[in-house]
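Visitor: give me a model of this one.
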Amino acid sequence: MFNADTSTITLTSLNPNITTKGIGSQPFWYLTLNNGGVLLSSVQVDQDLSIAGVLNTTTRPTSRCWVPSWGRYAAGAGRGLQELISVGANFTVATYTANGTKLLLTGATQPVSVGSYSFFDLEINKTNTTDVVNATGAWTVTNSFTMTRGTWNASTFTHSIAGAWNSSAPAFVFNADTSTITLISLTPTSPPRHRHPAVLQPQPE
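Guide: The predicted structure follows:
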């Protein structure tokens, strides 16, 4: 059994493969990659995830089943099981390649900072409504952005969201500051509750 306690695990090799038991089982406390890495499973980091170099993620292949009437295997539907990166504090990566992976910002540590990255799926689900996530750069979300619990300070940046927008969860506070939110979905949903006015700029069809 790997018991991280309050340790820092630092991987120093070039782009090491990282395989864990997944979310909820034997998480890291602090994880540092000095020369990038390749994520081969979901990973949970309860505090800071810090990476110098490129973090490459993968989407695991779909399962196959034997169809007697076809006389061959049939691939499962969809793109397979989605990898999940669960981070309880700061997310700092030199280059992040999402490849269909979901990033979950969770835990009670706050305030935390997340810089300018392109995410596939992104969820903020902190322990308390008052747990703050600060944007320190522009965010691009190419699929879904789920705001469940916590406070997001969007700061002064332009954030581009491809999926539906919903900041209506009672346990979530969207603080627009002077940001610009660009919704590029054909049928975006505007935010029904937030502390300050936001500028919404849906993309033309």
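
Visitor: would you point out which residue is most central in the protein?
Guide: Note on the chain: the residue nearest the mean C-alpha position is L103, at 1.7 Å, using Cα atoms, centre = their mean.

Visitor: what's the spacing between that residue and D131?
Guide: 16 Å (Cβ to Cβ, to the nearest Å). Just so you know, the C-beta spots here come from the backbone N, C-alpha and C atoms, and that holds for glycine as well.

Visitor: likewise L84?
Guide: To D131, L84 is 19 Å away according to Cβ to Cβ.

Visitor: again with H159
Guide: 19 Å.

Visitor: for S86, same thing?
Guide: Where D131 is concerned, S86 sits at a distance of 14 Å (Cβ to Cβ).

Visitor: next: A89.
Guide: Taken as Cβ to Cβ, the span from A89 to D131 is 10 Å.

Visitor: same question for I124.
Guide: I124 is 9 Å from D131, by Cβ to Cβ.

Visitor: likewise for Q82?
Guide: With distances taken as Cβ to Cβ, Q82 is found 24 Å from D131.

Visitor: what about the two, which has more around it?
Guide: Neighbours were counted for Q82 and for D131 using other Cβ atoms under 10 Å; D131 has more, 20 against 15.

Visitor: OK, contacts around the spatially closest residue to S144 that is not a sequence neighbour?
Guide: Distances taken as Cβ to Cβ, 6 or more residues apart in numbering place G163 nearest to S144, at 4.1 Å, with adjacent residues excluded. If you count contacts by Cβ atoms under 8 Å, 6 or more residues apart in numbering, G163 has them with 141, 143-145, 185.

Visitor: number of residues surrounding the closest residue to Q26 other than its chain neighbours?
Guide: Excluding the flanking residues, the one nearest Q26 by Cβ to Cβ, 6+ apart is F2, at 4.5 Å. Burial of F2 is recorded as 11 neighbouring residues (other Cβ under 10 Å).
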